[in-house]
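Trainee: coordinates for the following, if possible.
(chains A, B and C)
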Amino acid sequence: MDFLEELNPKQREAVQAECGPVLVLAGPGSGKTRVLTYRVAYLVRARDVAPWHIVAVTFTNKAAREMRERLASSGDGDSRRPRLLSDRQVEGLTVGTFHATCARILRRESNSLPGRDNNFVIYDTNDQLALVRQAVRELNLDEKKTKPSAILNAISKCKNDLIGPDAFRANSYFEEIVARVYLKYQQLLQTNNAFDFDDLIMVTVELLRSRRDLLIAYQQRFRHVLVDEFQDTNLAQYELVKLIAGSEPSLFAVADEDQSIYSWRGADYRNVLRFRKDYPQHCLILLEQNYRSTATILEAAKHVIRRNADRVDKDLFTRRGAGARIRVVEMYDERAEAQFVVDEIIRLQASDGHPAGSCAVMYRTNAQSRALEEEFIARGMPYRLVRGTRFYERKEIRDALAYLRLVNNPHDSVSLARIINVPPRGIGAQTLADLERWAFKLGVSTYDALLKLEAKSRGERLPLPGPFSGRARNALLRFEELLTHLIAERSRVALPELFDLILVTSGYRDYVRDGSVEGQERWDNLMELRGVTTEFAALEPAEALPAFLERVALVADVDGLNDSDSGPALLTLHAAKGLEFPTVFIVGMDEDILPHIRSTDSREALEEERRLCYVGMTRAKDRLYLLHTRQRTALGQGGASVPSRFLKDIPPELIEGRATSRRQRADDREIPRNQTGRADVRVSWQTRIPATSVKPESVRTAAFKAGDTVVHAKFGEGIVVASHLTADDEEIEVAFPKQGVKRLSATIAPLQRVNRP
DNA sequence: GGACAAGTATTTTTT
DNA sequence: ATACTTGTCC
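Mentor: Numbers count the residues shown, from 1 in each chain, chains lettered A, B, ... in the order given. Just a heads-up that it's a prediction; the model follows:
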């Protein structure tokens, strides 16, 4: 297997593991995705697995795309590498996000789904929110007392935990409301022939659970399951993986608990622990060699992450040299911080020809980008802002998509409500509310209500009188006429033509092109969207529209935003995950920013902030700058700020100029603070809070770590797979060749460590 | 039904 | 500071 030669022995071991459950725990920069990709190639080439039988799930479309590309081409720029698979083989694979994969399954099985046909639409967060509002209205609940977003969060959480509306049990007044809205919300989704993002997973699980025949069929189909970023799965996703993998799983999961930064979206890194429990016979492989960062950077990052409990302490190492020390820089405020960053990038460029494009500036919150952008603009330096307003979130794009979705699926009342009066047609909120209520009474979708109104206007007798004044009724009838006309054209003309037709006949084109600069920009955006429709022009009109909509619903960004290296990248720490840069600046290493103020009251949240910091630090290959300020303007009001606690965890000898000087640290303590860390400047110059007011964190370290070989008096030799510090003990899991994985107390069990590298 | 003023909330966001 | 939602008045 010559194509495996470019992997190191450990990576190769993972790739060639037997086809049972395999868990690869891998540190940053250890080649996780590479291992996953090669595993796919290995299954096909060495194990004669038909590509058809392989499903690889990722979390982003980007990751899926990159994986395909690597499999299909010599990849990574160095062109002399052999291809891993042929085009035909790659085409046979199922590589995609959880959501895209589930959407495909549901589309295929839509006849088994109550109230859905295969034209169902996928609602994103905006649509979901609109639907929650509608549900709240229909239940006559007070929108002010119960924030729709809070309800939606709760519903989403339920779905991530596979709790359907019937199974939900309320334990508080708020949850009572949630329970009622949830039920109504699901009904509305069904009436609209729609699923939301979370449904894609939950409904697929429900379907496979209730239909044994389908379950068996999909298990047969997807005999080999691979999961990337496994620490980011939620319960529903893990359940789905388990279902498809079946009782004799060929399941290959790659994870790094220390990079789990999406718990607020339902991700639960404890799925890694569950995996170990659910598949006790699994093969565990640790990838601990980092190929990215200098020893200094890696060491600093390890010191930061080590403070977290509940983790397998991986013993990361690198063969790279120490490299430059980390620069910890204190600036007066965020403007000075930005200046320093720009100055330093220019200096690096001038002194050693370090291209500006290989630098990245990272921050905790999007709002922090402003000071940076202002400085870059003032200095005339180009920069790449990674994910500003996303393309598909622009109003004009969402409006155009709403038209398209409505034409595809007229029962989609959320899209209908969005554009019924855009451009203005004299159908205001009141009229729309009346229409919706009327539709609700008749038990039909909003579009059907419009049809009934039209039938009535032709003189047909209907049981209920429409509640509309002449003016409103005329406006509604004109809209109905427009919509019916567009629907009739749907299966007649090619998609780009349909797109044009919609914009012209709806009056949207003239509405947008009002002669202003912004108007032109919006029009340009619409034309960019039109460009996407041309990719579907060759398909049958009836197929093109649903295919286009699915693509658009599941792809959050448009390619080509982060390609060129025309300047430094500006991005949030979250957005930085999975990327690497020779030089990284993390700005705002201040208490209340990183860790964020909203995280400081819970241990779990604080640990996630720590992981976030770790993710940022480990993006750096050669140079790492950590900046904090003395004073920071937040929400319009300035205040003194305190250096982030994470800075204290970095050993001084790794920091430029810190090893010898205690003075610097003493200076830090001079910064006045109150309990919240942000102090009123005037008061604070008199108040000095001793350093002890900062809560000390546990510095206890585990005696055992994953990978250690131990001998147990009874079980014999085994390998430690996990270690957690508990309140007063250390709990470890040890895999014994004969007896399986045992959970032991490190202080009580008769254990002896055999070796430690 | 639409324009404007006041009020409110403001982390992160793979799909 | 500011963007976005809601309330009031024409």
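
Trainee: can you list contacts of stretch A:132-148?
Mentor: Residues outside stretch A:132-148 that contact it (CB atoms under 8 Å, 6 or more residues apart in numbering) are A:129, A:149, A:151-152, A:155, A:174, A:177, A:180-181, A:184-185, A:188, A:413-414, A:417, A:433, A:436, A:440. C-betas here are computed from N, CA, C, even on glycine.

Trainee: count of residues packed around the residue in the stretch 201-350 of chain A that DNA strand C sits nearest to?
Mentor: Residue nearest to DNA strand C within the stretch 201-350 of chain A (CB to the nearest atom of the strand): A:Glu334, separated by 12.7 Å. Using other CB atoms under 10 Å, the number of residues around A:Glu334 comes to 27.

Trainee: and the one 10 residues further on, by the same measure?
Mentor: As a burial measure, A:Glu344 scores 18 neighbours (other CB under 10 Å).

Trainee: who's in contact with it?
Mentor: A:585, A:625 are the contacts of A:Glu344 under CB under 8 Å, 6+ apart.

Trainee: mind running it again at 10 Å?
Mentor: The contact partners of A:Glu344, by CB atoms under 10 Å, 6 or more residues apart in numbering, come to A:327, A:329, A:359, A:583, A:585, A:623, A:625, A:627.

Trainee: quick check: the first one vs DNA strand B, distance?
Mentor: A:Arg327 sits at a distance of 24 Å from DNA strand B (criterion: CB to the nearest atom of the strand, to the nearest Å).

Trainee: checking that residue next. Helix, strand or coil?
Mentor: Using DSSP: H, G, I helix; E, B strand; the rest coil, the secondary structure recorded for A:Arg327 is strand.

Trainee: what's across from the residue lying closest to it once chain neighbours are set aside in the sheet?
Mentor: Spatial nearest neighbour of A:Arg327, excluding adjacent residues (CB to CB, 6 or more residues apart in numbering): A:Tyr625 at 4.6 Å. Assessed by DSSP bridges, A:Tyr625 has beta-bridge partners A:Arg327, A:Phe585.

Trainee: OK, contacts around the residue of the stretch 201-350 of chain A closest to DNA strand C?
Mentor: A:Glu334 makes contacts with A:363, A:368, A:370-372, A:374-375, A:587-588, A:590, A:593, A:627, A:629, A:631-634, A:638, A:641, as judged by CB under 10 Å, 6+ apart.

Trainee: still on that earlier bit, okay, and which of the contacts of stretch A:132-148 map to helices?
Mentor: The helices, defined by DSSP state H, take in A:129, A:149, A:151-152, A:155, A:174, A:177, A:180-181, A:184-185, A:188, A:413-414, A:417, A:433, A:436, A:440 from these.

Trainee: show me which of the contacts of A:Glu334 are buried.
Mentor: Buried residues within the contacts of A:Glu334, counting neighbours by 16 or more other CB atoms under 10 Å: A:363, A:368, A:371-372, A:375, A:587-588, A:590, A:593, A:627, A:629, A:631-632, A:634, A:641.

Trainee: number of residues surrounding the residue nearest to A:Arg327?
Mentor: Neighbours of A:Tyr625 under the rule other CB under 10 Å: 21.

Trainee: hmm, it is touching A:Glu330, no?
Mentor: No. Between A:Tyr625 and A:Glu330 there is no contact under CB atoms under 10 Å: 11.7 Å.

Trainee: list residues touching both of the two?
Mentor: Joint contacts of A:Tyr625 and A:Glu330 (CB under 10 Å, 6+ apart) are A:340, A:589.

Trainee: what's around the closest residue to DNA strand B within chain A, how many residues?
Mentor: Nearest residue of chain A to DNA strand B, counting by CB to the nearest atom of the strand: A:Gly428, 1.8 Å away. Using other CB under 10 Å, A:Gly428 is surrounded by 14 other residues.

Trainee: and what of A:Ser86?
Mentor: Taking other CB under 10 Å as the criterion, the count of residues near A:Ser86 is 13.

Trainee: what packs against the biggest helix by length in chain A?
Mentor: The longest helix of chain A (DSSP H) is helix A:470-490. The contact analysis (3 or more CB pairs under 10 Å, 6 or more residues apart in numbering; DSSP states H and E) places helix A:470-490 against helix A:395-408, helix A:413-419, helix A:429-442, helix A:446-457, helix A:495-505, helix A:541-554.

Trainee: buried deepest among those, which one?
Mentor: helix A:413-419 (a mean of 24; mean count of other CB atoms under 10 Å).

Trainee: tell me the pLDDT at the residue of the stretch 201-350 of chain A closest to DNA strand C?
Mentor: On pLDDT, A:Glu334 comes in at 88.

Trainee: again, but for A:Asn755
Mentor: Looking at A:Asn755, the pLDDT reads 55.

Trainee: tell me which element A:Leu36 is part of?
Mentor: Using DSSP states H and E, A:Leu36 maps to helix A:32-46.

Trainee: no wait, A:Phe275
Mentor: Using DSSP H and E, the element containing A:Phe275 is helix A:271-278.

Trainee: buried residues in that helix?
Mentor: So, applying 16+ other CB under 10 Å, buried residues of helix A:271-278: A:271-273, A:275-276.

Trainee: can I get these in CSV with distance to DNA strand B?
Mentor: Shown next, in CSV, are the buried residues of helix A:271-278 (distance: CB to the nearest atom of the strand, whole Å):
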residue, distance to DNA strand B
A:Asn271, 12
A:Val272, 14
A:Leu273, 17
A:Phe275, 16
A:Arg276, 20
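
Trainee: okay, now the unreliable bits of the stretch 301-450 of chain A?
Mentor: A:387-390 (pLDDT under 70).

Trainee: try 90 this time
Mentor: The stretch 301-450 of chain A contains residues with pLDDT under 90 at A:307-315, A:333-335, A:351-357, A:366-371, A:373-399, A:401-402, A:412-446, A:449.

Trainee: please render the contacts of A:Glu344 as a markdown table that adds distance to A:Arg108 to the earlier fields.
Mentor: Converted to a markdown table, those look like this (distance: CB to CB, whole Å):
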| residue | distance to A:Arg108 |
| --- | --- |
| A:Arg327 | 54 |
| A:Val329 | 55 |
| A:Cys359 | 46 |
| A:Thr583 | 47 |
| A:Phe585 | 47 |
| A:Arg623 | 50 |
| A:Tyr625 | 50 |
| A:Leu627 | 51 |
